[in-house]
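J.: Show me how the following folds:
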Amino acid sequence: MESTRHSEETYREATNMTTEKRSSWWKRRHEKDKTADPKLYSPIKKNSILFVVAIAGMISPISSTLYYPALVDMQYALNTSATAMNASLSIFTFFTAFFPLVWATFGDRYGRRWIYIISFFISLVGSICCALSINAEMFIVFRAFSAIGSSSAMSMGAGTIADIFEPHERGRAFAYYTCGPLLGPAIGPIVGGYLNQGLGWRSIFWFLSIVILLLWLAIVLVLPETWRASVDKNANQDPENQDPEKKKRGFVNPIGALKLFMFPNIALTVSFTGMLFFVLYLNNTTFTRAYTLQYGFNSGIVGLCYLPNAAGSMLGGILGGRLSDKTYNRNIEKAKADNQPVVAEMRLGGLLFYSMVLLQLLSFVAYGWCIQKNVHFAFGLVCQFFIGFSLMYPNVALNAYMVDCFRKQGASVTACNNFARYILAGIGSLISTPINTALGPGPLFTLCGGLMVLFSINLIIVRKYTKKWAAYRESRAV
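T.: Next comes the predicted model:
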């Protein structure tokens, strides 16, 4: 008996030591992450973080398109109307526009890691409840719940990139980060269509729940805390700013990020990117109807027809990000040689950057009249490739530019951008069918191209008054 008792005690002691070692290892690892400079992480660690953040950024866009092909089946299964099902799409989009502001405000003040963990747990619960929904009301409520959670990465991702990458490599990082949000809407209808066809509409949300669970585990295991508190440069004028912890304990305004719209260069840039998403979502919504009703394709084939736009978007995003880094580095070298200050606007400009506006006009006009004249469907798909390419090329550079302007508020400035983009995207989706019916695709997409040309004037103004914007930011100590 004594031998058995001794063996049990020995086993417990060994088990406790092993547990303590594991706990100690986990604690040491995260304590090290809290003190290390994120910009000095190894390339492997930076790329691992970038991969996780890009996948996180894909969840919200893929969630919004995954059940497009199942809308009719869900309408009958939940015994509701087409208007109610469309409302679930609009609610998701508008919540995606608003809640990144809240997450960003807390993330720029208290850190990123726990925001990711909490928000994607909320998204997981929302997706599971969507799969279990017994009526339209329950489904809409938990679609909103899911949007609240998954929307965090729409702003927090940019903050994380600003934390770990230097400005001269940030364009490349943003290019790969945006691949997730661009790939999501492309593969969503394809995956959702075949899941619905084979296993029913609930399988779509079980699939989404599994993906979010795996992502949540990756966040817990892989993603360190990259945010670091910093003291304001005017701390000597305001004693409160000398204590970051004291500052953190103050009141947090959940929509405080909107104050960044007071900076004219941000307002002008966001107006352009907002209009970009307006025409993009208007294009995507009318595309399904055109290729279903006009060309007679089924939902699976229509989903595949989204691939040219997605391929163009990814190529434009990656190329735009890489070339914006080259433009930035070249302008920095020139400024240093001339003893001039380095400013964020050095990322913008160049013949190729501005030529994208002309390509947007030509692509939209060509696509609209191809549909209007009912030419072979392949011509429209070629136009879709160039629409995606021309829209995403400047979009990535502008995202990186805004973060360069507010490096310590990267999540907040991106949340402002997302707020404008997804509000206008939701409006574009809502009005797409009636405006397409009223004008016809030819005039409608000619108008879209014209709007992009008109709002491109904003970019010229931003680039022209570089010194003015830099001086204004300096005066506001950001």
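J.: contacts for stretch 79-96?
T.: Outside stretch 79-96, the residues that touch it by CB atoms under 8 Å, 6 or more residues apart in numbering are 60, 63-64, 71, 74-75, 135-136, 139-140, 143-144, 146-148, 150-151, 154, 418, 422-423, 425-426, 429-430. From N, CA and C alone the C-beta is placed, and that goes for glycine too.
J.: should've said stretch 118-126
T.: By CB under 8 Å, 6+ apart, stretch 118-126 touches 56, 59, 103, 142-153, 156, 209, 212-213, 215-216, 219.
J.: Phi, psi for Leu223 please.
T.: Leu223 has phi and psi values of phi -80, psi 120 when expressed as degrees, to the nearest 10.
J.: center of the protein - which residue?
T.: Met154 (3.6 Å; CA atoms, centre = their mean).
J.: returning to what we had before: could I have the buried ones of the contacts of stretch 79-96 as PyMOL selection syntax?
T.: Command for PyMOL, covering only those of those found buried under the criterion 16 or more other CB atoms under 10 Å:
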select buried, resi 60+63+64+71+74+75+136+139+140+143+144+146+147+148+150+151+154+418+422+423+425+426+429+430
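J.: just checking, what packs against the host helix or strand of Ala54?
T.: Per DSSP states H and E, Ala54 falls inside helix 43-65. Secondary-structure packing of helix 43-65 (3 or more CB pairs under 8 Å, 6 or more residues apart in numbering; DSSP states H and E): helix 82-110, helix 113-131, helix 136-150, helix 153-164, helix 167-199, helix 202-222.
J.: Quick one: closest of these to Leu352.
T.: Leu352 sits nearest to helix 167-199 of all these, at 13.5 Å, using CB to CB.
J.: buried sites along the closest one?
T.: 167, 169-197.
J.: Over to stretch 432-442?
T.: Ser432, Ile435, Asn436, Pro441, Gly442.
J.: Give me the nearest residue to the third one, chain neighbours excluded.
T.: This means Asn436. Once flanking residues are discounted, Asn436 sits nearest to Thr286: 4.9 Å by CB to CB, 6 or more residues apart in numbering.
J.: number of nearby residues for that neighbour?
T.: 22 (other CB atoms under 10 Å).
J.: Now do stretch 378-385: everything it contacts.
T.: Against stretch 378-385 from outside (CB under 8 Å, 6+ apart): 283, 287, 290-291, 305-306, 308-309, 311-312, 363-364, 366-367, 370-371.
J.: The helix or strand that contains Phe277 vs helix 82-110, what angle?
T.: Here Phe277 is covered by helix 264-289, with elements defined by DSSP H and E. For helix 264-289 against helix 82-110, the angle by axes from the mean of the first three to the mean of the last three CA atoms, to 10 degrees is 150 degrees.
J.: what is the rounded mean pLDDT of helix 264-289?
T.: Helix 264-289 comes out with an average pLDDT of 86.
J.: And that helix, what does it pack against?
T.: Looks like helix 264-289 contacts helix 307-337, helix 351-372, helix 377-405, helix 410-439, helix 441-455, helix 457-464, helix 466-475 (3+ CB pairs under 8 Å, 6+ apart).
J.: buried residues in it?
T.: By 16+ other CB under 10 Å, the buried positions in helix 264-289 come out as 265-266, 268-288.
J.: again, but for stretch 368-387
T.: 368-372, 377, 380-381, 383-387.
J.: how far out from the middle of the chain is it?
T.: The chain centroid and the centroid of stretch 368-387 are separated by 28 Å under CA atoms, centre = their mean, to the nearest Å.
J.: Endpoint to endpoint, that stretch covers what distance?
T.: Counting by CA to CA, to the nearest Å, you get 11 Å between the two ends of stretch 368-387.
J.: Return the residues in contact with Gly349.
T.: Applying CB under 8 Å, 6+ apart to Gly349 gives the contacts Thr327, Arg463.
J.: Return the residues in contact with Ala290.
T.: Ile371, Gly380, Pro441.
J.: Looking at the closest residue to the first one other than its chain neighbours now. What's its pLDDT?
T.: Going back to what we said before, that points to Ile371. Among residues not flanking Ile371 along the chain, Pro441 sits closest, at 4.1 Å (CB to CB, 6+ apart). You'll see Pro441 listed with a pLDDT of 92.
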